[in-house]
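A.B. asks: Here you go, sequence then predicted model.
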Amino acid sequence: MISLRNIKVVFKKEFLQIMRDKSVLFTNFFIPLFGIPLYVIFVLEAATYKEANIEAPLKDNTVFNISYQGAVAPDIQKALQDDAKIKLVPLNKTLSEDEIINYRRHYEEYHDLKDKSLSLKTQVTKDTEELKDNNDKLSLAREKMFHSLEILQKKYQDLADLHVAFFEHQDEDNSPLLTTYLFYNDDKNTSKAAKKYIEELLQKFEDQLIIEYKEKKGITKNALNPLAIKDVNLDRSSDKFAKTFGLGLGAIILFFLLISILNPTINTTIGERDQNTYKVLLMNPVSLHEIFIGKYLNVALQGLLTLLPYSIESIVAYSWGNSNFLFQFLPELTFVKLLIIFIGTVSGAIFLSSLCFLVCSFSKSRVQAQSMVTLLIFLLIIPIVTIGVMDVKLSYSSAFLPLVNFPLITENLLQTSPHYAAAFLAFAVNIIISFFLIWFSLGAFTVQWKGKSDTVSVSDLLSKKKRKTSRLTPAHGFLAFALSFVGYVYGGTLISILEIDLFNFLFAPLLFCLGVAVLLTSYSGLDLVKTYQWGKIEKGYALKLLFCAFALSLGFNYLFQMLPELETLKVKFPEVFGSNQFASGFSYFLLFAVIPAFCEEILFRGIIFKGFRNQYSFLIAATLSSLFFAIIHFSLFKWGHTFIGGFLMAYIYEKRGLLNAILFHLLFNSFGLLFGFSKNFAKLIFEGSAFLNGSVFIAALLIIIYILKSDTSQKTNT
Amino acid sequence: MSAIKVQNLRKVFQETVAVESLSFDIPFGEVTALLGSNGAGKSTTLNMIAGILLPTEGSIEFAGLNFKDHYKEIKSQLGYLTSDMELYESFTVQETLEVLAEMKGFSKKQTKSRIEELTEEFSLQECLHKHYSELSSGQKQRSLISSSIIHDPKILIFDEVTASLDLVVSKDIMDYLIKEKERGKAIIFSTHILSEVEYISDRIIMIEKGHLVKDTTYEELIGEYESKNITEAFYHALLDEQKRSQT
């Protein structure tokens, strides 16, 4: 019977210990509350983004026609047109109210159509080139579409020497005031020269204007200062610096976040054991479960306290790194969005704490835990930084971890219609996975603190002396997963960076899986044939598998229709791979059915499931191996169906051996291919009815479970 | 009824058999010394009895109760101390004692009273408000003993607790054990310092390479080998066992 009182006492003791640890205080409080914000402020200052120069808020004045203002301002026009070096091309158009509304909408749409900016840029380039004169003439660019000042800044950076904008607004006396903005690039000599020239020109003209205004209006503030000239440096080098740091900040935050949770976790598990204080704890009338829960809750609390400021800083980093106007999204933060941030933070903290506990529970020493931690950080940071810095669109590295809900959350939040369902689904996945991680951690924690015979560790497998084993163990499972994960992440990243056609190399990560499995088995001195327990394929059972594979594939396709977000799961083969020279019916079958079935089953069922099964119950072994199977597919939304499929295949392997698991996998993938190519399938779906579509899936699953459970053959494995 | 009843105890670490088929009883009101050479399996045996290590096979009962069904009840009656145990460095001695008392279900009043008793008993006045990391080795050992018996357990398990202590402190601990024995407690301790065995033990259990060699009294052991002292008797007993195991 677990006593809450005992848990509370352990929690209190752990909390006090952590709060007195200076290194933990530094990583868990100082860094998130002071270190990162100070860093952000420093970089913001270094970015020297001259937004402060513009006094009037842009949002309220999103529409102005740069050239138009110049055209209708006779004074300015006179000043510039008379000069032989300037060619001023005004637009012959008066803005109406409707057009202003239209243009404001264009500005908002611009952010949703980032990829289409290319066509705008082309248009502007064309317009500018028409105006440019090679004889050192200044060019004033003309815009066919009206944009806000901010967008024009981005566009004109490399296209014009100088960009002059006239901005009419009112001063405190409600008198009209014309401010002239000179946008230049401090990094370019031609631009600096152009700015100086215009400033001198306008200064000369201002002197004339002052005399005229005094005569007409008397001595007023405006009369004395008729032209407000402000310059804005568009030099993007510091902005790029800021952007890179902004994206890098996400990686830095992740690094410190992991440290802030791992540090107390190591101290509370391995650390206590290394310091021999664990015996003091074990000598009390407190069960190991109570000790574990008390310690875990403490670590989870540390995670939450650290994650809360980090989640806010991550949002800042994300919006900054994407060059959104910093804090622009704040008015859009509704209660629901805030709730999502909070729930995401809590579930992220629980997940990270659980993961860290798992790592530390399986470690034999502090050094080993720290090494595993370093490896974990390396695995996480490098792909995410690669994505951030190289701007590579890759689902591999950023989607597998619920932790990276932050990019998903922030991306969702910054959109006008965020995918709440997807966010809540991701959080639920966080919690479910965390539950299993905690469960496995407890088993390992017990072994770590109270010892158990026949425990083979990962380090044993990697050592020359202890690598030979008599059978597969959980250590084999973990090592196999870790190696294949690394191969997938980095291989996938490399393929994406090099822009290699995935179709030509899809087999590579799969064969890598197979290589890992075979290598690990033979390195441990195990017989390849006996270890995998191949079983036999029998006609009757094969037909059952055929039906089950069809039902499962059908059920999943119905399930995908329930949430629009899951539509991304439906690989549209002809669209994605249609142009590839090797794409044919046979090659699809080979690449998407045969090779994956063979390679993945040997690894995930043959090694990982079997390794865990040799020490734990079917439920634990199947859950863990299916979890790894789901993670390796690197898509947050694929977890559901890969996990379920993995579980079923584990069951088939348990009952009938590896060949039958391979057969089922092959058949399932084949049906997936057929549905993927089918144009008529869409007609079968219940349009707009999540209930009916979901019911088909549930029914299919129940039928499959019934068929497989009714198989009365002897178990192949024990 | 025996305080501790060990039956066919076995412990395997990967492929190494640390303890094999160990069976003995420890009664209340006696001090039992557990002797053996280095690596004999003494600490492993005591760790299993204390519930720190899980046995591979065998059973351990405490006054008829087993760990599986009466874990907390047994733990509340066990006091355990080893030479490699440490307390929490960031806590003062008083804080540690308070935490441990709370874990054992003491009220604040009971905790305060018990700490006062232990302070008096083990001269903790100087170190009560110091952090564990600031203590001398003697102060550390007294603090450790206090922490292990704060709940006044009926069974004491001490594993080489005097190994690095001076004579004065060691004798104090031995005197304490004698006093506890007279209060009817069951005490089992391991040591390499045979004079301590001579001083306080009523019974001697010798183990070698995980096997039980002798379960006898001090007088019987001396008589068996007609030795002048325990050191000689122990030495002969070990030699006999080594010869026996070779054959």
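C.D. replies: Done, it's in.

A.B. asks: number of nearby residues for residue A:368?
C.D. replies: Using other Cβ atoms under 10 Å in any protein chain shown, residue A:368 has 17 neighbouring residues. Placement of C-beta: from N, CA and C, glycine included.

A.B. asks: check which helix or strand covers it.
C.D. replies: Using DSSP states H and E, residue A:368 sits within helix A:366-390.

A.B. asks: and that helix, what's its mean pLDDT?
C.D. replies: For helix A:366-390, mean pLDDT is 61.

A.B. asks: what residues does stretch A:24-31 touch?
C.D. replies: Stretch A:24-31 is contacted from outside by A:18-19, A:256, A:259-260, A:263-264, A:267, A:302, A:305-306, using Cβ atoms under 8 Å, 6 or more residues apart in numbering or on different chains.

A.B. asks: By neighbours, which of these wins?
C.D. replies: Result: residue A:264 is most packed of these (other Cβ under 10 Å), 31 neighbours.

A.B. asks: What average pLDDT does the helix or strand harbouring that residue get?
C.D. replies: Following DSSP H and E, one finds residue A:264 within helix A:237-266. On average, the pLDDT along helix A:237-266 is 71.

A.B. asks: tell me the domain boundaries of chain B?
C.D. replies: By the assignment in automatic domain parsing, chain B contains the domains B:4-77+B:154-246, B:86-152.

A.B. asks: Make CSV out of those domains and add mean neighbour count.
C.D. replies: Formatted as CSV, these follow (neighbours: other Cβ atoms under 10 Å in any protein chain shown):
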stretch, mean neighbour count
domain B:4-77+B:154-246, 18
domain B:86-152, 19
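
A.B. asks: For the ones you listed, give me JSON lines that also has distance to residue A:3 and mean pLDDT.
C.D. replies: JSON lines is the format used below for those (distance: least, Cβ to Cβ, whole Å; pLDDT from 0 to 100):
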{"stretch": "domain B:4-77+B:154-246", "distance to residue A:3": "8", "mean pLDDT": "87"}
{"stretch": "domain B:86-152", "distance to residue A:3": "10", "mean pLDDT": "91"}
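
A.B. asks: Nearest to residue A:510, out of those?
C.D. replies: Relative to residue A:510, the nearest member of the domains of chain B by Cβ to Cβ is domain B:4-77+B:154-246, separated by 35.0 Å.

A.B. asks: measure residue A:307 to residue A:16 for me?
C.D. replies: Residue A:307 sits 21 Å away from residue A:16, going by Cβ to Cβ, to the nearest Å.

A.B. asks: From the neighbour counts alone, determine which of the two ranks first.
C.D. replies: The neighbour count for residue A:307 versus residue A:16, taken as other Cβ under 10 Å, is higher for residue A:307 (27 against 16).

A.B. asks: ok, the closest residue in space to that one that isn't next to it in sequence - how many residues close by?
C.D. replies: Counting by Cβ to Cβ, 6 or more residues apart in numbering or on different chains, residue A:349 is the residue found nearest to residue A:307 once chain neighbours are left out, at 4.6 Å. Neighbours of residue A:349 under the rule other Cβ under 10 Å: 27.
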